[in-house]
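**Q** pasting the sequence and the predicted model now:
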Amino acid sequence: MSPGASGKRIVVAEDEPSIVVSLEFLLTQAAYEVHIATDGDEALRTLYRVRPHLVLLDLMLPGVDGFDICRRLRADPQLAATRVVVLTAKGRAREIEKGLALGADAYVTKPFGTRELMATVRALIGGA
Amino acid sequence: MLQGWVVVLASFAYLCLLFAIAFYGDTRADRGRSIIANPYIYSLSLAVYATAWTFYGSVGRAAADGIGFLPIYLGPTLMAVLWWLTLRKIIRISKVNRITSLADFVAARYGKSALLAGLVTVIAVLGILPYISLQLKAISNSFTILVQYPRIEMPNMLGSVTILQDTAFYVAMILAGFTIAFGTRHLDAAERHEGMVAAIAFESLVKLLAFAAVGAFVTFGMFDGFADLFTRARADERIAPLMTPFGDAGSYASWAWLTVLSMLAILFLPRQFQVAVIENVDEKHVGTAMWLFPLYMLAINIFVLPIAFGGLLSFPHGGVDADTFVLTLPMAQQQTGLALLAFIGGLSAATGMVIVETIALSTMVCNDLVMPVLLRSRRLRLHERADLSNVLLDIRRWAIVVIVILGYLYFRLAGEAYALVSIGLISFAAVAQFGPVVLGGIYWKGATRAGALAGLSAGFAVWAYTLLLPAFARSDWLTASFIDAGPFGIELLKPLALFGLSGLDETTHAMVWSMLFNAGLYVGVSLVTPQSAPERNQAALFVDAFRRSREPTRMWRGTASAPELQRLLGRFLGPERAGEGFAALARERGVESAAELPGDAQTVQFAERLLAGAVGAASARVLVDSVVEEEPPGIEEVMNILDEASQVIAYSHQLEEKSHALEAATSELRAANARLTELDRLKDDFISTVSHELRTPLTSIRALSEILHDNPDLERAQRVRFLGIVIKESERLTRLINQVLDLAKIESGKAEWHHAELDLRAAIEHALAATSRLFEDKNIALSTELAAEIPPLMVDRDRLVQVLVNLLSNAVKFCAADGGCVRVSMRRQDDQVRVDVADNGIGIRPEHRELVFEKFRQLGDATNSRPQGSGLGLAICRQIVNHFGGRLWVESEQGRGSTFSFTLPIAPSLAGRAGA
């Protein structure tokens, strides 16, 4: 299966390089078109440019943080269809609630299981 | 022809006419159609001020003194101007508080003090006796003279007749009888006597008419009008000097004092208080009285000088007492009818005074002197008697008789030695003593009961000493040496020249001293004595009379039985009136009947006020308290409640202090709580951050491991790359765990320290060697400047190297990418060694310079991705340096690099061994 064969675009907004490596491998392997952003501003730019079907969003991004991005995403009709999977090392109930309240579709806690993560992504936007 | 029986008959006829008017007035009042609810009747009744003194005495005074008679009328005229301020306020207070007499007023003002009420009563009675005697003297003399008609002969000296032969005695008895008839027919809760007031108003017209008739006859009948009379008077060498007022220097003081004296008298003579205050129907009437009363005074004084001068001109050889001119001039002119009218006028003036005065005094004696004593006497069991209203009336009847008899006795003892006016002035001076306590009481809240008692007692004592005793002495009742040389020969205590004050007339002298002592002690003692709670309550009630619309409240708690209160009232007012009163209260409060009235404060207050009308405020309070005695709240407790209420001021001060202390404690607690919360938050943050820092490498390790596991046929290069990341992240995880544990150990004091002598220079070189790879990798220039002569330090070598390595690797990390250079220097600074590690990187903003030493505070911004590292390094370094007794800090210039420096102390014992 060639990269992007599913026709579904995913933006990965994550600043930890080794995590980016693993996510990029997993998503590409599953035939998604993957775009990487390593800080908040880049993430926003990428989102507007790519208009992805889904974004894997780390909450602790440098610059504009994940909560902000999530809110702007939901406020913008152009990006309203984009599914948001929040990816965070903060696993406290309060933060999960906050993320979901801001319009996240799923909340995945680090360290995640690769199969579960991929199942979540598939459930949201379909694909391979 | 004017025979004795004609005069007696005319006199009785006149008195009966007065009585008929009074009876009519009372009947109308009972039907609720008052004839005295009229400002003109009120003003006329105030003219009871004009007595036989005015009628006969003014002429006598004028004949001796010219216009010296005037101050007695100027004073009231001046005071009338002030009535709107004084009299109206007194009326308002009296109505609201159901005041029944002057004594009641004073007592009520000073905390309902029975003692004060008694004192005022005693002063009033003793003070007024001379005044009553004056009236008796005037009536009996005028009678004696008139029955000699047409001969004009002065009455015999008193010593020559026995009491039973003395006209004055019979006059006294008849007047007492009439007074009893006027004033004690029934008991009125408000002590009001409408019929009497009507009779007095009529009487005022009669005496004015009679005096004016005589005056007109003298002026226009005997002479050709005022001009003729005065011209002839001026021509007479005896009379001419009288035309010049203020003949001698003492006169000015005398005038001033007499004016003041009469200003006070018009307010505080018991009969004036009775008609002006107690009998007042509507305080608006004061407004009319303010101009009508002075007008009356003017009218009755117009003919004083003409009659005086006419008398002096008609009886040039003396032998006729000037006090009798009003009567003797018509007699000398054979004017039978006019002479009889003059007599009736004088009789009218005298009886009016005696009736009102003795009624007022008897009320005081009964309510404020006798009843309090009787009620306290358990032997009489008075408080158990069913109906006391007859007892009260009997007491008053007896009081009237006794007062009139005492007045007569004074007349027998001391009356002869004085002219009418002089006798009257003694009484004026006595009642003037009420001035400070009453006027002070209605305008000055600070006046106390003790002050009032002290002032009144002192003023009264001085009055008795300087006026009453000399009067007795002059009548040979005391040795004359008492006056001439002072008691026991002490000149300073001479009654008529007290403390060496001489040159004043008797009355002025007495006024100066009595007022000085009275007002002085009143104010002085008031200032130094505290007010009890009821006093404070009453003071406010009186002084703020115009500001309060509500009725006075009495602090009272607990319960009393309404029927019992009603029974109590029944005993004093009669069951019928008590029943009516309670029925009215029941209607007002919306309950079925009086029996269902709650025994609360309002009912008790109502009962007390109603009772106060009959027996005065002080007695009413004692009585009401006796009914509620068995209930817990006795008078003591009522006092306590009032005290408690008043102590709020004191307590609030303490409360304020306590609240300040509480505030301080609260803010301390708040601060402590904030510290705890902050610590808690820090701990939470720390755990959260540590967990985050652990999860990040774990995420990579887990994800990549799973990928490797699920994809066994990955390309080799890919697999090697993934495994490399896993290994690197595992190392990072290990390092992080070690550092967290390390920091925890240091912070909790459980870390192991191996202190030993250390050559710092060698340690730095060791650290540089350990980090040389980093410098080489990033191609960073290193320069060192290490002092050679450094004494050894006592530190843990491994820990110190840990600090140095950390600072060096940080320096490398933040150095400029191109042309980066790090400079390490070491030098001695006093008893310390200082090490600097400087880079030429981006620097640290001032507000972040302390933050870098906090745990997990890694600096990074939007343009810099997060630096590598756990974020614990500098926190641990600082802990270590602090443990060594040194200091670690950073200096930085933005864009031009940062310098991390630390100092370490040189151990004193090693200090000498430089560069071992």
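**A** Everything's here; your move.
**Q** what is the burial count for residue 28?
**A** Let's take chain A. Other residues within reach of residue A:28, judged by other CB atoms under 10 Å in any protein chain shown, total 16. Any C-beta I mention is one placed from the backbone N, CA and C, and that applies to glycine too.
**Q** you answered for a different chain; I wanted chain B.
**A** Each residue near residue B:28 was counted by other CB under 10 Å, and the total is 17.
**Q** can you tell me the closest non-neighbouring residue to it?
**A** Taking CB to CB, 6 or more residues apart in numbering or on different chains, and ignoring the residues beside it in sequence, residue B:28 has residue B:35 as its nearest neighbour in space, at 5.1 Å.
**Q** next: residue B:206.
**A** For residue B:206, the nearest residue in space outside its immediate sequence neighbours is residue B:348; the separation is 4.6 Å by CB to CB, 6+ apart.
**Q** same thing with residue B:690?
**A** Nearest residue to residue B:690 in three dimensions, chain neighbours excluded: residue B:740, at 5.7 Å (CB to CB, 6+ apart).
**Q** gap between the one you found and residue B:132?
**A** Between residue B:740 and residue B:132 the distance is 111 Å, computed by CB to CB, to the nearest Å.
**Q** these two: which is more packed in?
**A** When residue B:740 and residue B:132 are compared for neighbours, residue B:132 comes out ahead with 29 against 19, by other CB under 10 Å.
**Q** quick check: mean pLDDT of the helix or strand that contains the more buried one?
**A** Taking DSSP states H and E as the criterion, residue B:132 maps to helix B:114-147. Helix B:114-147 comes out with an average pLDDT of 86.
**Q** before we move on, the earlier item: which helix or which strand is home to the residue nearest to residue B:690?
**A** Taking DSSP H and E as the criterion, the element that holds residue B:740 is helix B:716-748.
**Q** so after that helix, what's the next helix or strand?
**A** Following helix B:716-748 in sequence order, the next helix or strand is strand B:755-758 (DSSP H and E).
**Q** within the sheet, what are the partner strands of that following strand, with directions?
**A** strand B:793-796 (antiparallel) (DSSP bridges).
**Q** CA atoms only for the partner strand, dumped as PDB, please.
**A** Taking Å, rounded to 0.1, in the frame of the first residue of the first chain, the C-alpha atoms of strand B:793-796 are listed here in PDB:
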ATOM      1  CA  LEU B 793      37.900  22.700  50.300                       C
ATOM      2  CA  MET B 794      35.900  20.300  52.400                       C
ATOM      3  CA  VAL B 795      33.200  19.100  50.000                       C
ATOM      4  CA  ASP B 796      31.900  15.900  48.400                       C
END
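**Q** buried ones in the helix or strand that the helix holding residue B:132 is followed by?
**A** Proceeding C-terminally, helix B:114-147 gives way to helix B:167-183 as the next helix or strand, assigned by DSSP H and E. Using 16 or more other CB atoms under 10 Å in any protein chain shown as the burial criterion, the residues of helix B:167-183 that qualify are B:167-172, B:174-176, B:178-183.
**Q** which residues of chain A lie near chain B?
**A** A:15-16, A:18-19, A:21-23, A:25-26, A:29, A:38-41, A:60, A:62-64, A:89-92, A:109-115 (CB under 8 Å from any CB of the partner chain).
**Q** now do the contacts for residue B:893.
**A** residue B:843 (CB atoms under 8 Å, 6 or more residues apart in numbering or on different chains).
**Q** ok, and the helix or strand in the chain with the lowest average confidence?
**A** This is for chain A. When each helix and strand of chain A is scored by mean pLDDT, DSSP states H and E, helix A:93-101 comes last, with a mean of 71.
**Q** switch to chain B, please.
**A** helix B:481-484 (a mean of 67).
**Q** check which residues of the next helix or strand after that one are buried.
**A** Tracing the chain C-terminally past helix B:481-484 and defining elements by DSSP H and E, one meets helix B:506-528 next. For helix B:506-528, the neighbour count (16+ other CB under 10 Å) marks B:506-515, B:517-519, B:521-523, B:525-526 as buried.
**Q** again with stretch B:289-297
**A** B:289-290, B:292-294, B:296-297.
**Q** can you list contacts of stretch B:207-222?
**A** B:47, B:50, B:55, B:225-226, B:229, B:296, B:299-300, B:302-304, B:306-307, B:310, B:314, B:326, B:329-330, B:333, B:335, B:338, B:341-342, B:344-346, B:348-349, B:352.
**Q** quick check: buried residues in that stretch?
**A** B:207-208, B:210-211, B:213-215, B:217-219, B:222.
**Q** poorly predicted segments of chain A, please.
**A** Scanning chain A for pLDDT under 70 picks out the ranges A:1-4, A:91-95, A:99, A:127-128.
**Q** try it again at 80.
**A** A:1-6, A:60, A:65, A:89-103, A:127-128 (pLDDT under 80).
**Q** can you map out the strands along chain A?
**A** Shown for chain A, the strands assigned by DSSP state E span residues A:9-13, A:33-37, A:54-58, A:83-88, A:106-109.
**Q** nearest to residue B:674, of these?
**A** Of all the strands of chain A, strand A:83-88 sits nearest to residue B:674, with 29.5 Å by CB to CB.
**Q** neighbouring strands of that closest one in the sheet, and parallel or not?
**A** Strand A:83-88 has its sheet partners listed here by DSSP bridges as strand A:54-58 (parallel), strand A:106-109 (parallel).
**Q** quick one: that strand to strand A:9-13, angle?
**A** Taking axes from the mean of the first three to the mean of the last three CA atoms, to 10 degrees, strand A:83-88 and strand A:9-13 form an angle of 30 degrees between their directions.
**Q** chain center to strand A:83-88, what's the gap?
**A** 5 Å (CA atoms, centre = their mean, to the nearest Å).
**Q** tell me the buried residues in that strand?
**A** Of the residues in strand A:83-88, those buried under the neighbour-count criterion (16+ other CB under 10 Å) are A:83-88.
**Q** same check on stretch B:679-690?
**A** Counting neighbours by 16+ other CB under 10 Å, one finds that the buried residues in stretch B:679-690 are B:688-690.
**Q** how about the helices in chain A?
**A** A:17-29, A:40-50, A:66-75, A:93-101, A:114-125 (DSSP state H).
**Q** pLDDT weak spots in the stretch 501-650 of chain B?
**A** Going by pLDDT under 80, which is the cut-off in play, the stretch 501-650 of chain B has low-confidence ranges at B:501-506, B:531-538, B:540-541, B:544-578, B:587-606, B:608-650.
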